[in-house]
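Engineer: when you get a sec, could you give me coordinates for this:
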Amino acid sequence: MKTSYYRWSQRGVFTNYDETICKRIGNQRGRWGSSRQSGKTMSATTAAIISTLHAAGPDLTLRAKDMVNDATRRGYAHDTGKMGQYQRPLRGQTSCGEDEYDGALLSLYSLQIPDNMESLSNKYSWHIAVDEQGNTKEPKAIRLGKLEYREAHTKGNILGAEHVQEYVAELKSEYMTDTDWSDKTLGETTTRDERLDWMLQNYSDSEWYGKLQYRAQSISTVYKGECAWAGEGRCLHHDGVISENVIQYTLCNYPMAYNPNRERLYLDEYEGDESELLKSLVDDEDVLVHIKKQIPKMKTESRYWLDSSGTRGHYTLTWWRYIQNEMNKQLKHEADLAQLEQDKARDGFEINGWKFVLGNSKYSNVSPSMWYAIEPLYNYEVGAFVFRSKSAAEDFIKRTNGFRHMMVGRQMNKGGAVIDHLLTIKKSRVPNLSLSRDADPTLLTPEQVVSTCYTNGTFPEDYPFSPTSICRFIEAEPKEE
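Structural biologist: Down below sits the predicted model:
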């Protein structure tokens, strides 16, 4: 028997299942969906070989004889039929011990007359009668005994016909009148009671049975009686058998499939050393021969799973680089999740003029969590000149106006060139004022960070802020003598 790498792991052939390997093996040709359910099929020993080389790691290569272990022994036992997974009745199931009937049951129901005149001739419009609370009235139950399907329905239909006759007799005593309907058809009746009267006078017993059988009776050939544990437990007799998937083995020298009637033992009931049991079930020399038969099938173009490019006869998995990349991705993903939880806890926290803001990673608008200045800082621009304070900008304008009489331009007045339109103050926000999530916001305030940048000051060691994000400081060139 062959099945997927994932299913062999579920059957206990090996224990170090790896989802990355499952995906790398891929699906059967023409199959879609999860690689767990649609993965390429293989022998149990092949899956055990993959498990063994995976456990060995990327730096070791193994020979065929190095792969003889409990996993490959177990795989060989599955491949040769000395061990297998089967569906068996769940052990320990019990019955309540009461009313363990097993046979056919006929249920006969009381009916209620349809309110609509047109519905009287429709067998689906006759419904089971209900009590004052609106609950269906309990039927009359007749146990027919242990009968085959046809025999049970034959006997049940006879009793059902008698039940319908009795019901129709009750209808006649209550609704049938002396009206002569011989010269009128069913369609000429004008009320429900008239139509019912017409039917009671003209329908035969067989016609009534055909009309009411659908609702008046039901026959079950698998009735088990009434359970004493109703609603309080599962009864083997009344609720049926529950099955379980189990691993079974045989001590015989031939596969279980050749003799399904001989004793099959439950692996989970074995109380000794399972490793010793496996050695008693299969011979290591046979396991080695079987391993050598599987290896060439794992080096084909469509199943390039083993590599032996190094020393001849020494094997390793071909997927190690892929496995390592997937492992790194998983580690990064887990680290990102841990960081996200930490960032959520700090979101909105304020200290030393900084506020922590949770980043956004949805869709394409990716922004990391950062420390931002609580109050934005501004510069003051006068033309191409930028000042840290408004008073400095105003002083610059005042001083510049003092040189107006020495200036010329396209517009002039008594005081000189007209430059008022050039000397306006523009308030601009200091750009890129933020710290990375790992920064220590207590070391410097936002104002101190900006001042340090503009004065080419020294930041604390390993401080996560780049001065060039605000300005670039150019060293003065030495003067020539």
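Engineer: tell me the domain ranges of the protein?
Structural biologist: Annotated domains of the chain cover 3-80+282-320, 103-223, 350-469 [automatic domain parsing].
Engineer: now those in JSON lines, with mean neighbour count, distance to residue 238 and mean pLDDT?
Structural biologist: C-beta coordinates here come from the backbone N, C-alpha and C atoms, glycine included. Conversion of the domains of the chain to JSON lines gives the following (neighbours: other C-beta atoms under 10 Å; distance: least, C-beta to C-beta, whole Å; pLDDT from 0 to 100):
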{"stretch": "domain 3-80+282-320", "mean neighbour count": "18", "distance to residue 238": "32", "mean pLDDT": "93"}
{"stretch": "domain 103-223", "mean neighbour count": "15", "distance to residue 238": "10", "mean pLDDT": "94"}
{"stretch": "domain 350-469", "mean neighbour count": "14", "distance to residue 238": "54", "mean pLDDT": "88"}
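Engineer: distance check, residue 434 against residue 421.
Structural biologist: Counting by C-beta to C-beta, to the nearest Å, the separation of residue 434 from residue 421 is 35 Å.
Engineer: before we move on, back to that, looking at the domains of the chain, which is nearest to residue 239?
Structural biologist: Ranking the domains of the chain by proximity to residue 239 (C-beta to C-beta) places domain 103-223 first, at 12.3 Å.
Engineer: and the strands in the stretch 351-481 of the chain?
Structural biologist: Per DSSP state E, counting those that start in this stretch, the stretch 351-481 of the chain carries strands over the ranges 354-357, 370-373, 378-382, 385-387, 412-413, 416-417, 425-429, 434-436.
Engineer: for the ones you listed, give me TSV that also has distance to residue 268.
Structural biologist: Formatted as TSV, the strands of the stretch 351-481 of the chain follow (distance: least, C-beta to C-beta, whole Å):
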stretch	distance to residue 268
strand 354-357	54
strand 370-373	55
strand 378-382	75
strand 385-387	79
strand 412-413	105
strand 416-417	101
strand 425-429	71
strand 434-436	54
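Engineer: how about the helices in the stretch 251-400 of the chain?
Structural biologist: Taking DSSP state H, counting those that start in this stretch, the helices of the stretch 251-400 of the chain run over residues 274-281, 284-294, 320-346, 390-401.
Engineer: need those in CSV with distance to residue 266, can you?
Structural biologist: Shown next, in CSV, are those (distance: least, C-beta to C-beta, whole Å):
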stretch, distance to residue 266
helix 274-281, 12
helix 284-294, 23
helix 320-346, 35
helix 390-401, 88
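Engineer: among these, which is nearest residue 410?
Structural biologist: helix 390-401 (17.7 Å).
Engineer: give me the contact list for the closest one.
Structural biologist: 380, 381, 382, 385, 387, 419, 423, 425, 427 (C-beta atoms under 8 Å, 6 or more residues apart in numbering).
Engineer: who's in contact with residue 333?
Structural biologist: Counting by C-beta under 8 Å, 6+ apart, residue 333 has no contacts.
Engineer: distance of it from residue 23?
Structural biologist: 15 Å.
Engineer: over to residue 414?
Structural biologist: On the measure of C-beta to C-beta, residue 414 and residue 23 end up 85 Å apart.
Engineer: one more: residue 185?
Structural biologist: Residue 185 is 74 Å from residue 23, by C-beta to C-beta.
Engineer: and for residue 99?
Structural biologist: Residue 99 is 54 Å from residue 23, where distance means C-beta to C-beta.
Engineer: same thing with residue 279?
Structural biologist: Taking C-beta to C-beta as the measure, residue 279 falls 34 Å from residue 23.
Engineer: now residue 418
Structural biologist: 75 Å.
Engineer: same question for residue 56.
Structural biologist: Distance from residue 56 to residue 23, counting by C-beta to C-beta: 20 Å.
Engineer: ok, residue 199 next?
Structural biologist: For residue 199, the distance to residue 23 - C-beta to C-beta - is 69 Å.
Engineer: give me the buried positions along stretch 232-243.
Structural biologist: 235, 236, 237, 238, 239 (16 or more other C-beta atoms under 10 Å).
Engineer: and for stretch 222-231?
Structural biologist: 223, 224, 225, 227.
Engineer: in the stretch 51-200 of the chain, what residue spans correspond to strands?
Structural biologist: 83-89, 103-108, 111-112, 127-128, 140-145.
Engineer: okay, these in a markdown table with distance to residue 266 next?
Structural biologist: Listed next are these as a markdown table, based on distance: least, C-beta to C-beta, whole Å:
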| stretch | distance to residue 266 |
| --- | --- |
| strand 83-89 | 8 |
| strand 103-108 | 34 |
| strand 111-112 | 53 |
| strand 127-128 | 48 |
| strand 140-145 | 38 |
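Engineer: out of those strands, which gets nearest to residue 167?
Structural biologist: Evaluated with C-beta to C-beta, these place strand 111-112 nearest to residue 167, the distance being 6.5 Å.
Engineer: residues contacting that closest one, please?
Structural biologist: With C-beta under 8 Å, 6+ apart as the criterion, strand 111-112 contacts 126, 127, 128, 129, 130, 167, 212, 215, 216.
Engineer: need the contact list for the third one.
Structural biologist: Which is residue 128. 109, 110, 111, 112, 136, 137, 139, 215.
Engineer: list the beta-bridge partners for it.
Structural biologist: Applying DSSP bridges to residue 128 yields these beta-bridge partners: residue 111.
Engineer: and it, how far from residue 137?
Structural biologist: Taken as C-beta to C-beta, the span from residue 128 to residue 137 is 7 Å.
Engineer: overlap in contacts of these two?
Structural biologist: Common neighbours of residue 128 and residue 137 (C-beta under 8 Å, 6+ apart) are 109, 110.
Engineer: quick check, central residue of this structure?
Structural biologist: Most central in the chain under C-alpha atoms, centre = their mean is residue 34, positioned 11.3 Å from the mean C-alpha point.
Engineer: circling back: quick check: the farthest pair among the contacts of helix 390-401?
Structural biologist: 419 and 427, at 20.3 Å, using C-beta to C-beta across the contacts of helix 390-401.
Engineer: if we can go back for a sec, same list, the contacts of strand 111-112, but as a markdown table with distance to residue 14 please.
Structural biologist: A markdown table is the format used below for the contacts of strand 111-112 (distance: C-beta to C-beta, whole Å):
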| residue | distance to residue 14 |
| --- | --- |
| 126 | 63 |
| 127 | 60 |
| 128 | 58 |
| 129 | 63 |
| 130 | 60 |
| 167 | 67 |
| 212 | 64 |
| 215 | 59 |
| 216 | 61 |
